[in-house]
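>>> What follows is a predicted protein model with its sequence.
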Amino acid sequence: MASPRPEARLEPWKDPAAEPYVRIEKVTKKFGDFVAVHQVSLKIYRGEIFCLLGASGCGKTTLLRMLAGFEQPSEGRIWIDGTDMTGIPPYERPVNMMFQSYALFPHMTVEQNVAFGLKQDGVPKAEIRERVAAMLDLVKLTPFAGRRPHQLSGGQRQRVALARSLIKQPKLLLLDEPLGALDKKLREHTQFELVNLQEKLGVTFVVVTHDQEEAMTLASRIGVMDHGEIVQVGTPSDIYEYPNSRFVADFIGSVNLFEGTLIEDEPDYVRVSAAELGGTFYVSHGVSAPPNATVWVALRPEKITISREQPAGDEDNRVQGVVAEIAYLGDMSIYLVRLATGRTVRITQPNIRRQAAVSAERITWDEEVWLSWDAASPVVVTQ
Amino acid sequence: MIGRRSFFVTTAMAFGFAFLYVPILSMIIYSFNESRLVTVWAGFSTKWYVELFQNPQVLNAAKLSFKIAAINATGAVILGTLAGLALARFRRFKGRTLLTGMTTAPLVMPEVITGLSLLLLFVAMEQWFGWPAGRGVTTITIAHMTFSMAYVTVVIQSRLSTVDESLEEAAMDLGARPAKVFFLITLPIIFPAILAGWLLAFTLSWDDLVIASFVSGPGSSTLPLVIFSKVRLGVSPDINALATIMVTVVAIGIVVAGLYMQRQERQRERDVQAALAGNSP
């Protein structure tokens, strides 16, 4: 069946006719008096990599465990592939899970671990052998088939866990912090491998992570969670460029947040006066808020230009300050600029040219500088 | 300073070991004594060993003790594993603390009380519905199970608490029903603890005197009961011989188990090292 528009196939959440593969409806989970998940509703579509992102204890793992069937919702329902999952035990769900600890069976070899799921389904022995061999080949573990989990490195274990959870060709794979136990280098490498594998096999992934970088690289969409609630759902760039709250703006990446008052509110622009900034923001998008409401302006550090000369143009969207700190990170530098109001603003600039070559013209400590930004860069949030 | 301290440590150690092993050593030496008098050395002889193996009373008692110990250990392991599972895996249920306390209470209960209360229970049961008929092997086995089960429970529970629960969840996630999860995953993983629990329960039953003396009947004298009754008539050297054999068997068992575990541990460490030194990530 061909979709009406190509983008509807790539971004099924934009197509109102698309049938979600996983439908979570007003799910609440309570442990005693503690509400771990509160009134969460989500639609996840076939072939997506959906990341649940949040700090530890925000309820993301509980939500994942409810999808797997290890926990039953206190309220609400979960549908997977059109079937109500209420009361269906984990061993009867068309879902597999990769555990944060990998949970490899220590008394079995790599091969036996991977074959376990098929054996439970009573697949003929010859077919098991064939499919396990193919799977081990896919995750490049064939030479290690006869080893036990404790004889493997962290990266190898992670691949065994992945192979074991994929062997039954689940339509939905749940991954709990899949890269959490790997070191940084291996992690980046594995991220791309994971995405490739997902595309090759056409499985829907639901990934739980606290690492925003991981979520940004993997996800087709991210659901940001806080205190058991979903606060925003969107593509990585939506979440980063158009956060809907101070929490999301602050949680994803770093941000300069200014409290201010709405002084002009037109459909195509707003003007916000911010005491902390000592100036006004002119933002080229409308806001739905009453006039003179208190709002917050979020400005990403990399969207600020730093210069010695006064930028041309109006009085809006620029401010003067003194460089308080510079951190050289190699690929970029972070400047902390103190404004006349005492507020410090964070700016990041990519180091396009080599430092030594430009040392004379480089902005340095205690220098007076101008900060400016585009009218499209700041985001106004009302909560 | 260091010299004096090490002198102190050496002396303390020597006294400690002497305290533990001199009695056993003297018993072993006197088991090879020619003389009938235990305290008079009259030359080396193995005649008490020969005599021991010709004594049907002792041999029968040993066989009976072995049988009771084996049945008890098996029963205690089954019950103890179930209790251990309940305590380690079902985190929230009413009366959990009470159950924990109750399963471990027999560890500190005076044996005399355990023995007496069991005797009263058995007598009462016999009056109510005629089972168990009289005191004998059955009552001793049941009595032993009631207290050795507590030890097994503790061993199994502590092992289970170190086992990652997500192992069981992973098996369930891959399509195994709870019973299969238990037999394919949980049981193999806690097997060393089950073995240890079995040996512990076996030993507890094998050397129990107090409880057995309450609940035994005619024709059901276990080895400790026989030894005790013989000693009351005067220590005879064949008992020394019997004790020496028991000590030797136990010592061999411990040494073999220790060496095996040490080898396993070393092998494991080598494997982990090799994996970390990392042929390809």
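Thanks, I have it.

>>> Distance from the chain centre to stretch A:129-145, please.
Taking Cα atoms, centre = their mean, to the nearest Å, one finds stretch A:129-145 lying 31 Å from the centre of the chain it belongs to.

>>> ranges for the helices of chain A?
Counting by DSSP state H, the segments of chain A that form helices are A:6-10, A:60-68, A:110-120, A:125-138, A:154-166, A:184-201, A:212-218, A:236-241, A:246-251.

>>> can you tell me which of the ones you listed the model trusts least?
When the helices of chain A are compared by mean pLDDT, helix A:6-10 comes last with a mean of 50.

>>> picking that back up, could you dump the helices of chain A to JSON lines with mean neighbour count and distance to chain B?
For the C-beta atoms, the positions are set from N, CA and C on the backbone; glycine is no exception. Compiled in JSON lines, these are given as follows (neighbours: other Cβ atoms under 10 Å in any protein chain shown; distance: least, Cβ to the nearest Cβ, whole Å):
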{"stretch": "helix A:6-10", "mean neighbour count": "12", "distance to chain B": "30"}
{"stretch": "helix A:60-68", "mean neighbour count": "23", "distance to chain B": "6"}
{"stretch": "helix A:110-120", "mean neighbour count": "23", "distance to chain B": "4"}
{"stretch": "helix A:125-138", "mean neighbour count": "15", "distance to chain B": "13"}
{"stretch": "helix A:154-166", "mean neighbour count": "24", "distance to chain B": "4"}
{"stretch": "helix A:184-201", "mean neighbour count": "15", "distance to chain B": "5"}
{"stretch": "helix A:212-218", "mean neighbour count": "20", "distance to chain B": "17"}
{"stretch": "helix A:236-241", "mean neighbour count": "18", "distance to chain B": "26"}
{"stretch": "helix A:246-251", "mean neighbour count": "19", "distance to chain B": "27"}
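
>>> need these in CSV with distance to A:Thr341, can you?
Listed next are these as CSV, based on distance: least, Cβ to Cβ, whole Å:
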stretch, distance to A:Thr341
helix A:6-10, 44
helix A:60-68, 38
helix A:110-120, 60
helix A:125-138, 58
helix A:154-166, 48
helix A:184-201, 38
helix A:212-218, 29
helix A:236-241, 26
helix A:246-251, 19
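
>>> which stretch among the ones you listed comes nearest A:Lys26?
In this view, these are compared for proximity to A:Lys26 by Cβ to Cβ, and helix A:60-68 is the closest at 12.5 Å.

>>> helices and strands around whichever strand or helix holds B:Ile189, which ones?
B:Ile189 is located in helix B:187-206, with elements delineated by DSSP states H and E. Applying 3 or more Cβ pairs under 8 Å, 6 or more residues apart in numbering or on different chains; DSSP states H and E, we find helix B:187-206 packed against helix B:56-89, helix B:137-162.

>>> Moving C-terminal from that helix, which element do we reach first?
Following helix B:187-206 in sequence order, the next helix or strand is helix B:210-215 (DSSP H and E).

>>> could you dump that following helix to PDB, C-alpha only?
Below are the C-alpha coordinates for helix B:210-215, written out as PDB (Å, rounded to 0.1, in the frame of the first residue of the first chain):
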ATOM      1  CA  VAL B 210      20.000 -33.900  70.900                       C
ATOM      2  CA  ILE B 211      16.900 -33.800  68.600                       C
ATOM      3  CA  ALA B 212      17.400 -37.500  67.600                       C
ATOM      4  CA  SER B 213      17.400 -38.600  71.200                       C
ATOM      5  CA  PHE B 214      14.000 -37.000  71.700                       C
ATOM      6  CA  VAL B 215      12.300 -38.400  68.600                       C
END
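
>>> May I see the buried residues of it?
Of the residues in helix B:210-215, those buried under the neighbour-count criterion (16 or more other Cβ atoms under 10 Å in any protein chain shown) are B:Ile211, B:Ala212, B:Ser213, B:Phe214, B:Val215.

>>> Write out the residues of the stretch 51-200 of chain B neighbouring chain A.
By the criterion of Cβ under 8 Å from any Cβ of the partner chain, the positions of the stretch 51-200 of chain B lying close to chain A are B:164, B:166-167, B:169-177, B:180, B:184-185, B:188-189.

>>> Among these, which ones are in helices?
If you go by DSSP H, these have B:Ser166, B:Leu167, B:Glu169, B:Ala170, B:Ala171, B:Met172, B:Asp173, B:Lys180, B:Pro188, B:Ile189 in helices.

>>> residue contacts, the residue nearest to A:Pro311 when sequence neighbours are not counted?
In this structure, A:Pro311 finds its nearest non-sequential neighbour in A:Ser372, 4.2 Å apart by Cβ to Cβ, 6 or more residues apart in numbering or on different chains. When contacts are counted by Cβ atoms under 8 Å, 6 or more residues apart in numbering or on different chains, A:Ser372 touches A:Ile304, A:Thr305, A:Ser307, A:Pro311, A:Gly313, A:Asn317, A:Arg318, A:Val319.

>>> Does the last one touch A:Glu276 like I think?
The one in question is A:Val319. No: using Cβ atoms under 8 Å, A:Val319 and A:Glu276 do not qualify as a contacting pair, with a distance of 10.2 Å.

>>> which of the two has more neighbours?
Between A:Val319 and A:Glu276, A:Val319 has the larger neighbour count (other Cβ atoms under 10 Å in any protein chain shown), namely 24 against 16.

>>> chain center to stretch A:354-373: distance?
The gap between where stretch A:354-373 is centred and where its chain is centred comes out at 33 Å by Cα atoms, centre = their mean.

>>> from the contacts of A:Ser372, which two are the most distant?
For the contacts of A:Ser372, the farthest-apart pair by Cβ to Cβ is A:Ile304 and A:Gly313; their separation is 14.8 Å.

>>> which one of these two has more residues nearby?
Higher neighbour count among A:Ile304 and A:Gly313: A:Ile304, with 24 against 11, using other Cβ under 10 Å.

>>> Look up the closest residue to the more buried one, ignoring the ones flanking it.
Among residues not flanking A:Ile304 along the chain, A:Ile347 sits closest, at 4.6 Å (Cβ to Cβ, 6+ apart).

>>> Let me know the pLDDT of A:Ser372.
Listed pLDDT for A:Ser372 reads 89.

>>> sorry, that was for A:Val297
Listed pLDDT for A:Val297 reads 91.

>>> Wait, it touches A:Thr280, no?
No: A:Val297 is beyond contact range of A:Thr280, at 9.9 Å (criterion: Cβ under 8 Å).

>>> Please identify every residue contacting each of these two.
The contact sets of A:Val297 and A:Thr280 overlap at A:Val272, A:Ala274 (Cβ under 8 Å, 6+ apart).

>>> one step back: the helices of chain A: which one's closest to B:Ala201?
Using Cβ to Cβ, the nearest of the helices of chain A to B:Ala201 is helix A:110-120, at 31.3 Å.

>>> Can you give me the buried ones in the helix holding B:Ile189?
Under 16+ other Cβ under 10 Å, the buried positions of helix B:187-206 are B:189-190, B:193-194, B:196-206.

>>> and what of stretch A:83-103?
By neighbour count, and taking 16+ other Cβ under 10 Å as the criterion, the buried residues in stretch A:83-103 are A:85, A:88, A:90-91, A:93, A:95-103.

>>> Go through the residues you listed and name the one nearest A:Glu111.
Comparing these against A:Glu111 with Cβ to Cβ picks out A:Tyr102 as the nearest, at 15.9 Å.

>>> what's near enough to touch the spatially closest residue to the closest one that is not a sequence neighbour?
Nearest in space to A:Tyr102, with sequence neighbours left out and distances taken as Cβ to Cβ, 6+ apart, is A:Ala161 at 3.9 Å. Listed by Cβ under 8 Å, 6+ apart, the contact partners of A:Ala161 are A:Met98, A:Phe99, A:Tyr102, A:Ala103, A:Leu104.

>>> Got the domain ranges for the chain?
Using chain A here. Domain segmentation of chain A under automatic domain parsing yields A:13-246, A:254-381.

>>> hm, I was asking about chain B
Looking at automatic domain parsing, the domains of chain B come to B:57-234, B:241-272.

>>> and those domains as TSV, adding mean pLDDT?
What follows is the domains of chain B, written out as TSV (pLDDT from 0 to 100):
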stretch	mean pLDDT
domain B:57-234	88
domain B:241-272	82
